[in-house]
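Asker: Return atomic coordinates for the entry below.
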Amino acid sequence: MSDVTRAKNGRPVHHWRRDLVELAALFTAVAVADAVANLIGHGPDGPVLLAISAVALIATAGFHTWWSRHHGHAPPTGDTGAAPAAFVLPVMAAEENPGAPAAGSGETVLWRMRTTVRDEPGSLAALCMALAGLRVDILSLQTHPLAEGTVDEFLLRAPAPVAASEVTRAVSLSGGFGTWIERADTHDLVDAPTRVLGLATRTALDAAELPMALRQLLGRCTIRSLPASSARGDRSEEGAPVEGALDDTVMRLRAPEGGVITVERPYLPFTPTEFARARALVELDARLGPRVPRSRDVLTLPQGNDITVRRADAGDVGAAKAMHERCSQRTLRLRYHGPVGDADKYLKHLLSPHFGRTLAVQTASGRVVGLGHLLWDGDETEIALLVEDEWQRRGIGGELIGRLVAMAVEAGCESVYAVTQSSNTGMVAAMRGLGLPLDYQVEEGTLVITARLDKASLHAGLPPHAETLGHGHEYEQRPAPEPEPSVRD
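Answerer: Model (predicted):
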């Protein structure tokens, strides 16, 4: 017979030593009962002894009942090797930490926590016991086995009075090290596979979503995309290997167009699992190739002209170069802040969906007369505009900026900035027309205007695809007509 017999159907485990003690108690009780019977039957005080025995038996039964109610019948945990029952945990935690908040009382907050524990039996159980002592509920858990231990990621729900420092201190005392914790929100309640599938879907529909998908996958991080060659044709920095590279808080991935995507998160090292997920997203984007949503809107300007606003990509490089030729030297200088002759060299980078989103404005004849760029610049987001001279002062710039800012809000950006000159009154007026808080900085003759994005203000004054623009003009908006079939169709 084994030393421990496992319980079935939730019944407590039984021990052979307990069975032996009970058997010995039974024989002792029989011997005592025989002695008492002989004494009562043959002694002069038999009735008195019988009454005393009855009273002792009743007292013993009462004591046994009281003892069982207060101490239970389960054997000690260390004796059986079994983990304590789930319903016993709150009682034990309350006895060990009388000051812990009562379960289910008051408000709760969500926390994301990561810690490393030794890769040995019982280490995770000790960590869970420490959290239970603070009435912290574990909503989800992911484990990442590493050489130096196992990294555990928790989504926790804790009573509001419990501070982050209390949680980390309890985790440290239970054997966790390298602990990191921050506030979470309801979006973190979505399980990891579902979240990754959603990000993959967004990336598949729009190549410009890749940087945003990586940011949502990896949390607060800085993402930089470096082209294989600079805008001037020079070779950029050393590229990443095909399989990517992971170095603690920095990962480098091979970009679909041949450049490098660098992701930095100084406050928290990346795990191999995070690196594998990020690499899978980039590989998916590379397999699908260039793509942008083909939706478009037709607007009627106050002058009666119809314009179409749509997404642009690398296929519009030729049309953008033709627009450059129609623009004046001053317009190009205000836009590119450098030699006018280099303007065409920037277009391939600007129109790539991996560096941001671009909107194009074209006339009824198909000629592109305006470009608006929303560019991912590490942790920041830049807005840039170029409108052909003949089409300026008609509200096109305000229309483009309103849509670009709406895209930035949708992408979760906290602010956008525009680099221009104080003499560029059209750009300054378009930024003011947003109705958002603006910060102005002048650096070496260059004006940097930063708009802090407020969803409530934006939706009240400038909803996506707004019909009333910042300059007070009323525009008629209607869906674009379906394109007529071509000869090849």
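Asker: for the nearest residue to Thr420 once chain neighbours are set aside, helix, strand, or coil?
Answerer: Spatial nearest neighbour of Thr420, chain neighbours left out: Met427 (4.5 Å); criterion: C-beta to C-beta, 6 or more residues apart in numbering. C-beta coordinates here come from the backbone N, C-alpha and C atoms, glycine included. Under DSSP: H, G, I helix; E, B strand; the rest coil, Met427 falls in the helix class.
Asker: now do Gly198
Answerer: helix.
Asker: before we move on, the earlier item: give the burial count for the residue nearest to Thr420, as a bare number.
Answerer: 24 (other C-beta atoms under 10 Å).
Asker: Please apply the same query to Gly175.
Answerer: Gly175 has 18 neighbours, counted by other C-beta under 10 Å.
Asker: same question, Gly433
Answerer: 19.
Asker: same question, Leu57
Answerer: 10.
Asker: is it fair to say it lies in a helix?
Answerer: Yes - under three-state DSSP, Leu57 falls within a helix.
Asker: any idea how far it lies from Ala31?
Answerer: Taking C-beta to C-beta, to the nearest Å as the measure, Leu57 falls 16 Å from Ala31.
Asker: Specify the beta-bridge partners of Asp152.
Answerer: Thr115, Thr143 (DSSP bridges).
Asker: And for Ala451?
Answerer: Under the criterion used (DSSP bridges), Ala451 bridges to Val416, Leu438.
Asker: And it, how far from Asn424?
Answerer: 16 Å.
Asker: now Pro159
Answerer: 54 Å.
Asker: Also Trp376?
Answerer: 23 Å.
Asker: higher neighbour count, these two?
Answerer: Per other C-beta under 10 Å, whichever of Trp376 and Asn424 has more neighbours is Trp376, with 23 against 19.
Asker: That one contacts Ala213, correct?
Answerer: No - contact between Trp376 and Ala213 fails when scored by C-beta atoms under 8 Å: they sit 11.9 Å apart.
Asker: Any figure for the gap between Ala276 and Thr186?
Answerer: For Ala276, the distance to Thr186 - C-beta to C-beta - is 26 Å.
Asker: Now do the contacts for Val448.
Answerer: Tyr417, Ala418, Val419, Tyr440, Gln441, Val442 (C-beta atoms under 8 Å, 6 or more residues apart in numbering).
Asker: Count the residues that sit near the nearest residue to it once chain neighbours are set aside.
Answerer: Nearest non-adjacent residue to Val448, counting by C-beta to C-beta, 6+ apart: Gln441, 4.6 Å away. Gln441 has 10 neighbouring residues, counting by other C-beta under 10 Å.
Asker: any low-confidence regions in the stretch 301-450 of the chain?
Answerer: Applying pLDDT under 70 to the stretch 301-450 of the chain flags the ranges 378.
Asker: Now do the helices in it.
Answerer: Taking DSSP state H, counting those that start in this stretch to define them, one finds helices in the stretch 301-450 of the chain at 317-326, 329-336, 347-350, 396-410, 425-432.
Asker: want to throw those helices into TSV with distance to Thr194?
Answerer: Listed next are the helices of the stretch 301-450 of the chain as TSV, based on distance: least, C-beta to C-beta, whole Å:
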stretch	distance to Thr194
helix 317-326	38
helix 329-336	42
helix 347-350	34
helix 396-410	20
helix 425-432	39
